[in-house]
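[1] sequence-free structure coming up:
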């Protein structure tokens, strides 16, 4: 991973929250150093959950919460695809368009073996979109763009052998603060802030830092040198 | 995992400390409920480290520290094999003898994919010894004994999908206190106590408890029912 | 696996037969000890097979055969979802509802690496439904319920390292008898009864019993203790 | 792999080109020895690519190019399913029909871990269709047929341990010539001819031949002897 | 697997018995069709078992039993290396010498993931020896020889996806009879004959035969065609 | 992989040749840009080969050839450990000493799943030595040193998903020339120069370069940022 020269970073998340839970400290660190960070959320709802149990205005609430968190982390732009991340061709087209528009040096996405079906789907879609975005096809979606770094972040399926750990000592408080804005999710995730702080301590310890975030290199496209 | 009816438990560790780092809270919980816990340490030194850099009396110091920790965790018996855990047939014989003498209902050992070569070796030796201990051979080493539960504990290679998490809320302080007696190892592992507490919080969160320890079922021998 | 204290068990099967082929002996043993066993069948047809070659009344025949087998095995309730087990969100909702209604202590399902696409799909749906059923969401589908034991049964892709083998010596004849009621399937599966008896002997031998059924712990959710 | 006695061979390809890129030399060698080779192409377009950027007549052009290549390689029959290879039941039916009509002794298909989603889907569909084609069901689709050899060919995800390498020294020039007819694809794949020649040299070297093609045994159905 | 043209076959076994337990039916079938079968046993003792519990003359007894079984199965030559199969360079030399002397068209060996350490070691030694035997080195050990088929047989770690199943209906009784001569092992393996017959039925069913033996292609060296 | 800022690079090779076969182009590119490259060869002989078939002066010949190749590639220092890379503790000490003396920013080593036992052993030893070299122990072997980048090179077991490909268009001729100095090995590896050139073309094609070398990130130690 090479964070220093990154001008533009792109984070894919199945649902709002995912990007800050998995990579919030790194997002804040990047934006602090001047990197333009774009977050792409696929859906405001988890496909595992039906709208049946949710009030209509919850979606509005979540959008507002997401804006608050983005402000705290310094996210430059947030995109909501409003689509279920399951196999539809139009999703790939949308992702290719976003990648070619954003032209990131680094992309973060979900873990391929996450227990959540939507997360796994986003991971797969990201990989393929990165590869297709780099080919000389579909030129109506923008000019081909090569992203040489693609990494997965972790949520609750911890990496046995993370390939990279980012020191987030300087931004852990922003991460926690951002997560705490997501009040509509508190019933579902009690204690999440303390969980995140503890996990950051665990990952930080592994590189001799106070707090860290772990990542796993996605193997689909070889980096070129 | 079935902890309630366990009368005797056996923990294998490549070096002193490993058993308390990986399973200290569970050891303390078992001993509190009346289970007799035996700890088997293979070697007082890590094969990756030469004695060259160690003072001779460090071994004495480590033994004393191990006794202190055992007292805090309520370990019933500690055995030091004083052998390098690498492939020698006599080690298997020794482990079979220990298993048949202890007759445990549950065994804890290292993770097969740990980054430490000695840890991997202990994991493999444990598996095979459990299996051989149960067969009607080598009767000079004791009567055959079937251990139906074998679990791996985690150190720094975290399990992506632990099969079991034990609630150690009631014994986390004993675990931390036991680790802090290992003063001769502090140069090597600064911050280890805080790391362990954080990891326990992470694992506890996954089962809705304050503190937890994660384990992975060892697949060598099927449990019978 | 802890069968003794199981009050309610739930078995998921892609098609009728699957549950008795994979876990018939264990089902009979559970029902004999007083456990209420519920069987959930996704579809009366295999998606790999078209209705084109089947007479319309075959569905009626299969339902009748399923009832006969359920009677022999002591199944308390049979549910047919009448749906193809492929990725539809409504299926997850249905499974969550069933789990929360049945409130099982143990769930049996297909193997994640089975060669049959429907079987793999059911395995994945079961895992995710168990996890979602335990969360504080979708309360219109019932109260959250935690199932701590989830196991896969085997059909023709045998487990290299089963985690558990259940002694079915006392119920093997019920299993065979139940399978023999499925006469509409005999053209497809000649010799199945003898296959099942032989496999049960192979698995029984591994635990020193006359007949056995092998299972593999599903790793998605850690058991808590 | 047993090529000598093969009377009929069947090659599945997600898109035109795939079969010649992965197995062109082997196809030409088989047709030279008198084997009837049938190529089944799922779609004239890659689902990752939209028609948006393609002129309508490109499809006509691709069909013409495919015919030219088939002539050079000696393909006996080409079938275009004109369907997206993603999960639809009707595809399985179509593949079973093709297999039962062709009655091949050997089938070649994509690699299960290819980075291209369509390729992975074709690999999975092939496996299941072969298995279903051999069962005594769906008799409206033809008489059951057992194909004892199923192999994957490689494109850009090279096999670490190929199970078989075919000497294509005598047919490498036909393979290259066939690929060069695919002029509509040149913008996408510049240098592909030289890539293929180099890869054939690499694979040939591993068996002491000038040129080779690597294959991986598909493990779904055991060969019977 | 191509059994028809095999003039010479070689079977590696860690201990006497292993070859007949895993491949006895196939050995008998090969010898019946005129193939010269050579069995290479590494050791008369399992390294997991010490001689401590064995009478000295047990070795003599085992040799005699092995000769009886070899007679029943039609084994042409039996070689006992009298060495522990663990990493010593001289073992590789010995195996290369045996392979070059026997010049087999097919080799059978243990499964790489067997739970028995000696079995895993033999599997690894076989693979490497086959590869080295084929290179233009160590000419004091004989002329280079290429064995194009290497297969693993199964004992108690069953293959989830066997690559080949051999019909042993005509030789199952010889296999059982050969195993029954191993009377010195009966205390260790009660019921083994019935286990083998049941497993053969299970494997036979998978190919539509009465009895079968399952094998897994060893992936180290690609077959050349 | 970050080659630009690398002041010192270290390459581990089981035998002379391995480093140039796997990473010769990258070595030459690094030395051209001013990086000091150190090559560590474990043994002048392959443990799979006995000295029996080799003339005594072959060792002298190989040393001379290695010096020639090192000159062509611009290797700064060559170290021959003269030891068999199999499990001895003294080897780990030696490697830790070398790493701490060289203080490399990047290390290249063998692939963990190479078919050659010595290669696998070197890969494992490298990983563990890097990790130990970074700890505050064994201070008689030098001051702790953290190497943040560890990569495997490929020989004949090609990577299915390489993590990095280095453009070696500018140094391919040096690589070929270096390999051609190894005349004592020509009987064993006829055509090796052409194989290497073809493989470099294959790998180059994947990143849009004329020639390339593929690497796989070693996952043992997370990179820190």
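    Here it is on my side, so go on. Computed from a predicted structure; not experimentally measured.
[2] Give the closest residue to residue A:100 in space, chain neighbours not counted.
    residue A:142 (3.1 Å; C-beta to C-beta, 6 or more residues apart in numbering or on different chains). C-beta: built from backbone N, CA, C; applies to glycine.
[3] Against residue B:107, how distant is that neighbour?
    58 Å (C-beta to C-beta, to the nearest Å).
[4] Neighbour count for these two, which is higher?
    residue B:107 (26 against 16; other C-beta atoms under 10 Å in any protein chain shown).
[5] what is the rounded mean pLDDT of stretch A:19-37?
    Computed over stretch A:19-37, the mean pLDDT rounds to 97.
[6] next one: stretch A:152-163
    For stretch A:152-163, the per-residue pLDDT averages 96.
[7] could you list every residue that touches residue A:115?
    For residue A:115, the contact set (C-beta atoms under 8 Å, 6 or more residues apart in numbering or on different chains) comprises A:156, A:157, B:161, C:127, C:128, C:131, C:220.
[8] ok, now residue A:131?
    A:220, A:221, D:115.
[9] Same check on residue A:112?
    Residue A:112 neighbours (C-beta under 8 Å, 6+ apart): A:120, A:123, A:124, A:127, A:152, A:218.
[10] near chain D too, which of those?
    A:124, A:127 (C-beta under 8 Å from any C-beta of the partner chain).
[11] Go ahead and confirm the residue nearest to residue A:100 touches residue A:98.
    No. Contact criterion C-beta atoms under 8 Å: residue A:142 and residue A:98 do not qualify, at 9.1 Å.
[12] Burial check on residue A:1, number of neighbours?
    Residue A:1: 19 neighbours (other C-beta under 10 Å).
[13] What does the spatially closest residue to it that is not a sequence neighbour show for phi and psi?
    Among residues not flanking residue A:1 along the chain, residue A:164 sits closest, at 4.4 Å (C-beta to C-beta, 6+ apart). Per-residue torsions, residue A:164: phi -140, psi 140 (degrees, to the nearest 10).
[14] bridging residues for residue A:164?
    Applying DSSP bridges to residue A:164 gives these bridge partners: residue A:215, residue F:223.
[15] Isn't it up against residue A:218?
    No. Counting by C-beta under 8 Å, residue A:164 sits too far from residue A:218 to count as a contact (11.4 Å).
[16] who touches both of the two?
    Common neighbours of residue A:164 and residue A:218 (C-beta under 8 Å, 6+ apart) are residue A:151.
[17] Would you map the strands across chain A?
    For chain A, applying DSSP state E gives strands covering A:8-13, A:36-41, A:77-80, A:106-109, A:149-153, A:164-167, A:212-217, A:223-224.
[18] close to chain D, is the fourth one?
    No. No part of strand A:106-109 sits near chain D under the criterion C-beta under 8 Å from any C-beta; the closest distance found is 15.0 Å.
[19] any idea which of the contacts of residue A:112 has the most stuff around it?
    residue A:152 (27 neighbours).
[20] Next one: that one from residue A:219, what distance?
    10 Å.
[21] And residue A:115, by the same measure?
    20 Å.
[22] cool, and residue A:162?
    14 Å.
[23] what does chain A put close to chain B?
    So chain A meets chain B at A:113, A:115, A:156-161, A:191, A:194-195, A:197-199, A:201-202, A:205-206 (C-beta under 8 Å from any C-beta).
[24] Among the residues you listed, name the buried ones.
    A:115, A:156-161, A:194-195, A:197-199, A:201-202, A:205-206 (16 or more other C-beta atoms under 10 Å in any protein chain shown).
[25] Just the ones in helices from the residues you listed, please.
    When DSSP state H defines the helices, the subset of these inside them is A:194, A:195, A:197, A:198, A:199, A:201, A:202, A:205.
[26] so what's the residue lying closest to residue A:117 once chain neighbours are set aside up against?
    The shortest distance from residue A:117 to any non-neighbouring residue, by C-beta to C-beta, 6+ apart, is to residue C:128 (5.9 Å). Neighbouring residues of residue C:128 by C-beta under 8 Å, 6+ apart: A:48, A:115, A:116, A:117, C:92, C:220.
[27] Tell me the confidence at residue C:128?
    Reading off the model, residue C:128 has pLDDT 89.
[28] Show me where chain A has its helices.
    A:18-32, A:58-73, A:89-102, A:117-133, A:172-180, A:192-205.
[29] Compute the inter-axis angle for the first one and helix A:117-133.
    Read that as helix A:18-32. Per axes from the mean of the first three to the mean of the last three C-alpha atoms, to 10 degrees, the angle that helix A:18-32 makes with helix A:117-133 is 50 degrees.
[30] Stretch A:194-209 and chain F, are they touching?
    Yes. Residues of stretch A:194-209 contacting chain F under C-beta under 8 Å from any C-beta: A:206, A:207, A:208, A:209.
[31] wouldn't residue A:98 be in contact with residue A:79 here?
    Yes. Look at residue A:98 against residue A:79 with C-beta under 8 Å: they come within range, at 6.4 Å.
[32] overlap in contacts of those two?
    A:38, A:40.
[33] Quick one: closest of the strands of chain A to residue A:178.
    Ranking the strands of chain A by proximity to residue A:178 (C-beta to C-beta) places strand A:36-41 first, at 11.3 Å.
[34] hang on, the earlier thing: could I get the strands of chain A as JSON lines with distance to residue E:44?
    Shown next, in JSON lines, are the strands of chain A (distance: least, C-beta to C-beta, whole Å):
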{"stretch": "strand A:8-13", "distance to residue E:44": "60"}
{"stretch": "strand A:36-41", "distance to residue E:44": "66"}
{"stretch": "strand A:77-80", "distance to residue E:44": "70"}
{"stretch": "strand A:106-109", "distance to residue E:44": "56"}
{"stretch": "strand A:149-153", "distance to residue E:44": "51"}
{"stretch": "strand A:164-167", "distance to residue E:44": "52"}
{"stretch": "strand A:212-217", "distance to residue E:44": "48"}
{"stretch": "strand A:223-224", "distance to residue E:44": "54"}
